[in-house]
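**Q** this one's sequence-less:
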């Protein structure tokens with residue numbers, strides 16, 4: 001049922017390959033705001049199950065989803081968020097759809113209205129939900145870099161292109177950790193003297209800002225997105241904290257959602 005919609009992914013997938021082939025580790029790959037063009041057939045079925053009665057015609061809804069403007073309006077329907085949060089059992093949706101709907105709704109409540117920014121951050125969550133993708137491998141180096149001090153040191157000797165990719169990765173990683181695991185960061189800061197949330201915000205803000213000014217940001221059409229994240233990192237982080245409080249509990253309560261590994265190191 002969603003085949004015609006899935007065909008629209010070709011253009012953005014082609015653009016994403018400019019940043020390198022996807023692999024388990026981050027290595028010169030540029031994350032793009034691609035969630036909305038990577039929805040799977042089960043996502044379309046989920047939308048129909050939630051909103052089909054509003055239109056009275058499943059075929060009409062599918063046709064609307066093939067139009068970019070109509071699709072974005074449909075995805076903004078709060079009923080989709082409520083269904084994702086309230087349905088019991090295993091949700092048969094893709095992580096791209098899941099994270100986009102959640103991020104878009106909390107960003108709207110935080111007055112972050114740009115869909116591309118929500119899409120980008122949702123893609124960051126999708127990528128970093130795989131623990132190994134938070135690691136960075138420098139070209140020509142066999143071992144991944146795990147710690148921020150290693151990443152920052154690598155900036156000193158990296159070539160221009162690698163430096164841009166590193167800055168974006170550091171910004172994304174800072175946002176992910178401070179957005180998804182704020183309580184863990186606070187606990188480690190209070191008990192062990194590790195960096196607090198302000199460190200992650202400052203680090204992410206600085207790297208996003210430097211990356212947004214780079215010529216490659218224009219090539220990848222990320223200047224506005226990276227600039228917005230630099231300017232509003234605190235607001236963005238707090239919006240993600242709302243998602244974390246609802247869904248990414250570090251306690252014993254199980255949650256029915258795509259799993260974000262709790263072993264992601266905060267350094």
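**A** Happy to help now that I have it. If you're wondering where the values come from, they're calculated on a predicted model, not measured in any experiment. Numbers count the residues shown, from 1 in each chain.
**Q** CA only for contacts and neighbour counts going forward, please
**A** Will do.
**Q** quick one: low-confidence ranges for the stretch 1-150 of the chain?
**A** 1-28, 54-58, 88-89, 131-134 (pLDDT under 70).
**Q** Which residue ranges of it form helices?
**A** Remark: helices assigned in the stretch 1-150 of the chain by DSSP state H, counting those that start in this stretch are 3-6, 10-16, 41-55, 58-65, 68-75, 78-86, 95-109, 115-128, 148-157.
**Q** buried residues in the third one?
**A** Using 16 or more other Cα atoms under 10 Å as the test for burial, helix 41-55 gives 41-48, 51-52.
**Q** can I get the helices of the stretch 1-150 of the chain in JSON lines with distance to residue 34?
**A** As requested, these are exported to JSON lines (distance: least, Cα to Cα, whole Å):
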{"stretch": "helix 3-6", "distance to residue 34": "12"}
{"stretch": "helix 10-16", "distance to residue 34": "7"}
{"stretch": "helix 41-55", "distance to residue 34": "15"}
{"stretch": "helix 58-65", "distance to residue 34": "16"}
{"stretch": "helix 68-75", "distance to residue 34": "13"}
{"stretch": "helix 78-86", "distance to residue 34": "19"}
{"stretch": "helix 95-109", "distance to residue 34": "8"}
{"stretch": "helix 115-128", "distance to residue 34": "7"}
{"stretch": "helix 148-157", "distance to residue 34": "26"}
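**Q** can you tell which of those is closest to residue 203?
**A** helix 148-157 (9.4 Å; Cα to Cα).
**Q** Check which residues of the closest one are buried.
**A** Buried-residue list, helix 148-157, by 16+ other Cα under 10 Å: 151-152, 154-155.
**Q** check contacts around the residue nearest the centre of the chain.
**A** Centroid-nearest residue in the chain: residue 124, 2.5 Å away (criterion: Cα atoms, centre = their mean). Residues counted as contacts of residue 124 (Cα atoms under 8 Å, 6 or more residues apart in numbering) are 31, 172, 176.
**Q** number of nearby residues for the second one?
**A** To tie it back to what came earlier, the one meant is residue 172. Residue 172 has 24 neighbouring residues, counting by other Cα atoms under 10 Å.
**Q** residue contacts, it?
**A** Neighbouring residues of residue 172 by Cα under 8 Å, 6+ apart: 124, 204.
**Q** which parts of whichever strand or helix holds it are buried?
**A** Taking DSSP states H and E as the criterion, the element that holds residue 172 is helix 160-180. Residues 162-180 are the ones in helix 160-180 that count as buried (16+ other Cα under 10 Å).
**Q** Downstream of it, the next helix or strand is which one?
**A** Next helix or strand after helix 160-180 toward the C-terminus (DSSP H and E): helix 182-192.
**Q** who's in contact with that following helix?
**A** Helix 182-192 has contacts (Cα under 8 Å, 6+ apart) with 178, 194-197, 241, 266.
**Q** Could I get the average pLDDT for that helix?
**A** The average pLDDT within helix 182-192 is 90.
**Q** could you point out which element follows it?
**A** Later in the chain than helix 182-192, the nearest helix or strand by DSSP H and E is helix 197-212.
**Q** Which neighbouring elements make contact with that following helix?
**A** helix 160-180, helix 182-192, helix 223-231, helix 233-247 (3 or more Cα pairs under 8 Å, 6 or more residues apart in numbering; DSSP states H and E).
**Q** out of the contacts of residue 124, who's nearest residue 71?
**A** The closest of these to residue 71 turns out to be residue 31 (Cα to Cα; 21.7 Å).
**Q** Residue 154 versus that closest one, what's the distance?
**A** Distance of residue 31 to residue 154, given as Cα to Cα, to the nearest Å: 20 Å.
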